[in-house]
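Visitor: A structural model of the following input is requested.
(chains A, B and C)
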Amino acid sequence: MLGENVRVLQQLFSPSVQHTLDLIGIFVFAISGALLAVRKNFDVFGIAVLAEVTACGGGLFRDLVIGAVPPAAFTDLGYFVTPLLAATLVIFLHPQVERIQAAVNVFDAAGLGLFCVAGTIKAYEYGLGLTASACLGLATAVGGGVLRDVLANEVPSLLRWDRDLYAVPAIVGSALVALCIRYDVLTAFTSGAAVITAFVLRLLAMRYHWRAPRAWHRRSTVREE
Amino acid sequence: MLGENVRVLQQLFSPSVQHTLDLIGIFVFAISGALLAVRKNFDVFGIAVLAEVTACGGGLFRDLVIGAVPPAAFTDLGYFVTPLLAATLVIFLHPQVERIQAAVNVFDAAGLGLFCVAGTIKAYEYGLGLTASACLGLATAVGGGVLRDVLANEVPSLLRWDRDLYAVPAIVGSALVALCIRYDVLTAFTSGAAVITAFVLRLLAMRYHWRAPRAWHRRSTVREE
Amino acid sequence: MLGENVRVLQQLFSPSVQHTLDLIGIFVFAISGALLAVRKNFDVFGIAVLAEVTACGGGLFRDLVIGAVPPAAFTDLGYFVTPLLAATLVIFLHPQVERIQAAVNVFDAAGLGLFCVAGTIKAYEYGLGLTASACLGLATAVGGGVLRDVLANEVPSLLRWDRDLYAVPAIVGSALVALCIRYDVLTAFTSGAAVITAFVLRLLAMRYHWRAPRAWHRRSTVREE
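Guide: Numbers count the residues shown, from 1 in each chain, chains lettered A, B, ... in the order given. Presented below is the predicted three-dimensional model:
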């Protein structure tokens, strides 16, 4: 399972850089969970729970699927404490945080890019195929947000047509990494490029309100004829 | 863990027949997920996600519980591509697909029968007891539909009293397989009979609107006296 | 992984006492799930499913995370049958059960105390750190209730500000166990004391309607100046 290719993967970033990037992603996802909890009128414990679930849910799902138990969310104290810090920040400063929602969205886009790339690489390291790895990269990036919305009893914003593209940038990022692995060109540079591609695509989607089409309404077309 | 009994189980169907039956079940479950996504006004990515979750969710849950990681949904490309095909079909042809809802329901009943039997057998192969295996067979058959409804923010139709019996046919099918294993008479013939029993029971439940009773309203009885 | 400390843990209670306590916790959680199902107008199968999920969901999540597969809920027949008994009881006697809601709440508080302590100990036995073990103890105690509310399509009562404290007693119980392990003083006596502390805190929270604060509404404060 651990071949030449994988050893290269593990050397992509120095562990401390990788870890710092992870924690930044965790932090911004936790902010988005905590903000939704405030809007839903949850108490401080509900805010903390939703921050944890949003930040760690995607990675937890990935780790259960690839058999990496106990999951990183439960073995690395930083993954546990960072969402609590984010929750505390939101509890005391949520009007200020909401006012800088634009900045939060930029960080969330960065988290999306980081997680889809890191998730794809980790799944491949555990022996999954390229397509499955890319899927798990996507699940890592968007899973926490889906759990957040399910717990808040809302339709996951990932699925709604009236939201700017969110899954597509992560799909592109994950697919780029899978292609790089396939053609043996995954380096710190190319995986960084994948992160940035997903990040920029998400920023553009928000800026220009790119949306995905819905199902083809053949019936209404017929009616207009 | 792998005794005589199990080796027999594995020879029940030729691998290709088993796989084809699985893919048919996956396909029809994906259709039901995609149709709900269209009704909920999701975009094309939401439709694809709901198709994947409905089709693979039950088996994914079973595989996590029995420790079969990575789950089949992530190791077999067919399990991933088939729901995408179903989603594409629904996106372009959903009025036609809805018009043949009766046919879709028949296929869904077939999927229910196939999955409850296959799920029970796989769980037993992984060393679970007969009762637990039957439960996981039921979970395999109905789990995807429950996840579908949770993601669509609806009360799972499995639990609602105003829907025709859905769990009971799957329970009967799973229990029949467990009994066959118990009395050492599980063959391709008897497991096929279990599939057909669950399938026919579900068809009859839809045809005659069989419903399960709700809790016994002792209070209202008292009132009428 | 299994040191002196752990062998002591396993001797805390005689297996039969431990098992009986577990089943009592399972039973009262199942009652709460079945009662919600009756209120939501589910049919008898929906009532049974919600009873099972509420009773076994927290432990199932813990076992998946720590890699204890197949989970206890699927290997011990008592864990499966007990919720069915609770569901049957509620189906026939739900007006009477609702009338003794106060008693049910007391038992539920006992289940909360038992599960947070047992969950923390089991997670530690499987090699997790103290903080992670305490988190999983909390998840064991409250996870089933969260799943219950998600399936019933309601905002989890755990997260709502207008409910009496529920997570905090479990957090205190789990943290006490983790501290006892840390300072090597975990005995049947101290872990029993942790159970009782969580239990009494929950009773007090219900009696005096203790609630957690919501996010600090800085904006409204400003308005009043």
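Visitor: which stretches of chain A form strands?
Guide: Taking DSSP state E, chain A contains no strands at all.
Visitor: lowest-confidence helix or strand of it?
Guide: helix A:218-224 (a mean of 43; mean pLDDT, DSSP states H and E).
Visitor: Please list the residues of chain A that sit near chain B.
Guide: A:64-67, A:126-129, A:131-132, A:135-136, A:146, A:150, A:153-156, A:158-161, A:167-168, A:211-216, A:218-219 (C-beta under 8 Å from any C-beta of the partner chain). For the C-beta atoms, the positions are set from N, CA and C on the backbone; glycine is no exception.
Visitor: Not counting its neighbours along the chain, what's nearest A:Val97?
Guide: In this structure, A:Val97 finds its nearest non-sequential neighbour in A:Val90, 5.6 Å apart by C-beta to C-beta, 6 or more residues apart in numbering or on different chains.
Visitor: quick one, what contacts the one you found?
Guide: With contact set as C-beta atoms under 8 Å, 6 or more residues apart in numbering or on different chains, A:Val90 has these partners: A:Ile31, A:Ala34, A:Leu35, A:Ala37, A:Val38, A:Ile47, A:Ala51, A:Val97, C:Ala215.
Visitor: Of those residues, which belong to helices?
Guide: A:Ile31, A:Ala34, A:Leu35, A:Ala37, A:Val38, A:Ile47, A:Ala51, A:Val97 (DSSP state H).
Visitor: Isn't the last one up against A:Asn105?
Guide: No - A:Val97 sits out of contact with A:Asn105 when judged by C-beta atoms under 8 Å, with a separation of 11.6 Å.
Visitor: So if I had to pick from the two, which one is more boxed in?
Guide: For A:Val97 and A:Asn105, the more surrounded residue by other C-beta atoms under 10 Å in any protein chain shown is A:Val97, and the numbers stand at 19 against 16.
Visitor: so who does the more buried one touch?
Guide: A:Val97 makes contact with A:Ile31, A:Leu35, A:Leu89, A:Val90, A:Val104, according to C-beta under 8 Å, 6+ apart.
Visitor: Could you do A:Val53 as well?
Guide: With C-beta under 8 Å, 6+ apart, A:Val53 has these contacts: A:Gly33, A:Gly144, A:Leu147, A:Arg148, A:Leu151.
Visitor: Now the two most distant members of those.
Guide: By the measure C-beta to C-beta, A:Gly144 and A:Leu151 form the most distant pair in the contacts of A:Val53, at 10.7 Å.
Visitor: what about these two, which has more around it?
Guide: A:Gly144 (30 against 26).
Visitor: residue contacts, the more buried one?
Guide: With C-beta under 8 Å, 6+ apart, A:Gly144 has these contacts: A:Phe29, A:Gly33, A:Val53, A:Thr54, A:Ala55, A:Cys56, A:Gly57, A:Gly58, A:Gly59.
Visitor: so how far is C:Arg160 from it?
Guide: To C:Arg160, A:Gly144 is 21 Å away according to C-beta to C-beta, to the nearest Å.
Visitor: Where does the prediction get shaky in chain A?
Guide: Filtered on pLDDT under 70, chain A yields the residue ranges A:1-14, A:217-225.
Visitor: Roughly how far does the residue nearest the centre of it sit from A:Val195?
Guide: Nearest to the mean C-alpha position of chain A, counting by C-alpha atoms, centre = their mean, stands A:Ala141 at 2.2 Å. Distance of A:Ala141 to A:Val195, computed by C-beta to C-beta: 11 Å.
Visitor: which residues do these two both contact?
Guide: The overlap between the contact sets of A:Ala141 and A:Val195 (C-beta under 8 Å, 6+ apart) consists of A:Gly113, A:Gly173.
Visitor: Run a quick neighbour tally on the closest residue to A:Val104 other than its chain neighbours.
Guide: Distance criterion C-beta to C-beta, 6+ apart; nearest residue to A:Val104, sequence neighbours excluded, is A:Ile31 at 5.6 Å. As a burial measure, A:Ile31 scores 28 neighbours (other C-beta under 10 Å).
Visitor: Might you report the residue contacts of A:Ile31?
Guide: Counting by C-beta under 8 Å, 6+ apart, the residues that A:Ile31 touches are A:Ala51, A:Ala86, A:Leu89, A:Val90, A:Val97, A:Val104, A:Phe107, A:Asp108.
Visitor: Distance check, the residue nearest to A:Phe61 when sequence neighbours are not counted against A:Leu89.
Guide: Closest residue to A:Phe61 apart from its sequence neighbours, by C-beta to C-beta, 6+ apart: A:Gly143 at 4.7 Å. Between A:Gly143 and A:Leu89 the computed distance is 23 Å (C-beta to C-beta).
Visitor: Between these two, which has more neighbouring residues?
Guide: A:Gly143 (23 against 17).
Visitor: hang on, isn't the more buried one packed against A:Gly57?
Guide: Yes - using C-beta under 8 Å, A:Gly143 is in contact with A:Gly57, at 5.3 Å.
Visitor: Helices of chain A, residue ranges please.
Guide: Going by DSSP H, chain A shows helices at A:4-10, A:15-39, A:44-66, A:72-75, A:77-99, A:101-125, A:130-151, A:167-182, A:188-207, A:218-224.
Visitor: Residues contacting the shortest one, please?
Guide: Contacts of helix A:72-75 with the rest of the structure, by C-beta under 8 Å, 6+ apart, involve A:Cys56, A:Gly59, A:Leu60, A:Asp63, A:Tyr79, A:Phe80, C:Val65, C:Leu128, C:Gly129, C:Ala132, C:Cys135, C:Leu136.
Visitor: what's the most distant pair in those?
Guide: The distance between the two most remote of the contacts of helix A:72-75 (C-beta to C-beta) is 17.0 Å, for A:Gly59 and C:Gly129.
Visitor: ok, the two, which is more surrounded?
Guide: Neighbours around A:Gly59 and C:Gly129, counted as other C-beta under 10 Å, are more numerous at A:Gly59. The numbers are 28 against 17.
Visitor: Now do the contacts for that one.
Guide: By C-beta under 8 Å, 6+ apart, the residues touching A:Gly59 are A:Pro71, A:Ala72, A:Ala73, A:Tyr79, A:Phe115, A:Gly119, A:Thr140, A:Gly143, A:Gly144.
Visitor: follow-up on the earlier one: with respect to A:Cys180, which of the contacts of helix A:72-75 is nearest?
Guide: A:Gly59 (21.1 Å).
Visitor: how about the residues of chain A near chain C?
Guide: So far as C-beta under 8 Å from any C-beta goes, chain A lies against chain C at A:37-38, A:40-47, A:49-50, A:60, A:64, A:69-71, A:74-75, A:77, A:80, A:90-96, A:150-153.
Visitor: Just the buried residues of the residues you listed.
Guide: For the residues of chain A next to chain C, a burial check counting by 16 or more other C-beta atoms under 10 Å in any protein chain shown picks out A:37-38, A:40, A:42-47, A:49-50, A:60, A:64, A:69-71, A:74-75, A:80, A:90-91, A:94, A:150-152.
Visitor: Cool, thanks, signing off.
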